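In: Take this sequence and fold it.
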Amino acid sequence: MPANRVMYIEQKTAGGSLLNDRGPAEIGEVSFSKTGTTIYYNGKSFRKASAYGYRTIGPGYNYVCVETGDGYWISGVKQRGTNRHWAGGGAITVGSFSGRTPTDKKQDNDWLLDQLRSGLESAAQVLLKSIQEDHPSLKVRVFVFNIHEYQDYRRISGQVWSDELCDIGDWYWQFDDVNELLGKAYALSILKPFDGRLRQLCMDALRRLDSAGVFGVDEQRQQVVIGLDNPFESSSDVTEKSFFAWAKLLNPPQAIQLLRRELKRRKQTT
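Out: Predicted structure coming up:
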């Protein structure tokens with residue numbers, strides 16, 4: 001059991017009442033007892049709920065504060081499956097990291113970014129599979145990561161367009177886990193709005209997906225354009241230029257030329 005580790009700590013109950021996933025949460029450095037059954041953080045001790053005979057079901061908790069008896073959900077920064085803050089609306093703050101060396105912090109930061117990149121890849125594949133199952137005859141024409149970096153709205157979503165350039169991705173919500181990780185990266189100042197690192201991360205994820213053949217191979221791949229942001233929501237030429245600036249770095253020339261022709265034809269008929 002490590003002496004120190006960066007963990008996610010969310011309060012689930014207060015005085016016996018559920019906080020409905022809106023309790024305060026922190027990301028901070030914790031220490032462990034020798035047996036690993038007790039976590040120490042910010043002057044409090046947390047024992048595994050199983051030691052009290054409790055089970056973690058739905059919005060439950062996996063640790064109990066020894067001092068107050070309140071329930072807490074404590075997990076690693078990686079949030080997946082039931083091991084995640086899946087519906088939280090409470091504030092997430094950054095706690096103490098005293099004792100962490102610069103090397104430790106860099107390793108933690110790199111690990112979180114790697115999890116975010118892997119999360120993007122997984123979410124993209126789940127989204128594409130969901131669309132394929134619901135629309136087996138549909139041809140995917142464009143796949144983009146929509147990136148929002150505004151202070152009050154920092155999220156990533158996947159968007160898919162059909163061969164008629166119609167949006168078919170609005171019904172799918174596969175990026176909740178990714179956005180939890182994104183929130184943690186911003187909270188820890190690993191990422192900062194508009195510093196370019198998030199976009200590069202998305203580019204890396206798209207390249208890895210493309211190398212794995214997720215968007216097709218050979219002639220099939222030339223029919224699909226991948227990129228960042230959505231070039232079709234605005235009539236402004238700037239948005240379209242920005243999209244193709246990124247798309248050129250990711251797609252074969254044939255795919256770019258084909259999409260340009262389709263966009264031109266679309267404008268002429270609208």
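In: Pass me the low-pLDDT residue ranges in this protein, would you?
Out: 1-3, 52-59, 78-107, 169-173, 230-239, 270 (pLDDT under 70).
In: what's the domain layout of it?
Out: Following automatic domain parsing, the chain resolves into domains at 4-94, 102-269.
In: would CSV of those domains with mean neighbour count be doable?
Out: Where C-beta positions appear, they are placed from N, C-alpha and C, glycine not excepted. Formatted as CSV, the domains of the chain follow (neighbours: other CB atoms under 10 Å):
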stretch, mean neighbour count
domain 4-94, 16
domain 102-269, 16
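In: Which residue ranges of the stretch 151-270 of the chain form strands?
Out: Applying DSSP state E, counting those that start in this stretch to the stretch 151-270 of the chain gives strands spanning 153-162, 225-228.
In: Quote the end-to-end distance of stretch 10-18.
Out: End-to-end distance for stretch 10-18: 12 Å, by CA to CA, to the nearest Å.
In: so what's Q125 closest to, chain neighbours aside?
Out: V214 (6.2 Å; CB to CB, 6 or more residues apart in numbering).
In: Touching, the one you found and V126? I think so.
Out: No - between V214 and V126 there is no contact under CB atoms under 8 Å: 11.3 Å.
In: in the chain, which helix has the most residues?
Out: Counting by DSSP state H, the longest helix found in the chain is helix 102-134.
In: Quick one: list the elements packing against it.
Out: With contacts taken as 3 or more CB pairs under 8 Å, 6 or more residues apart in numbering; DSSP states H and E, helix 102-134 sits against strand 140-150, strand 153-162, helix 176-187, helix 197-211.
In: and the angle for the second one with helix 102-134?
Out: Between strand 153-162 and helix 102-134, the angle formed by their directions is 30 degrees, by axes from the mean of the first three to the mean of the last three CA atoms, to 10 degrees.
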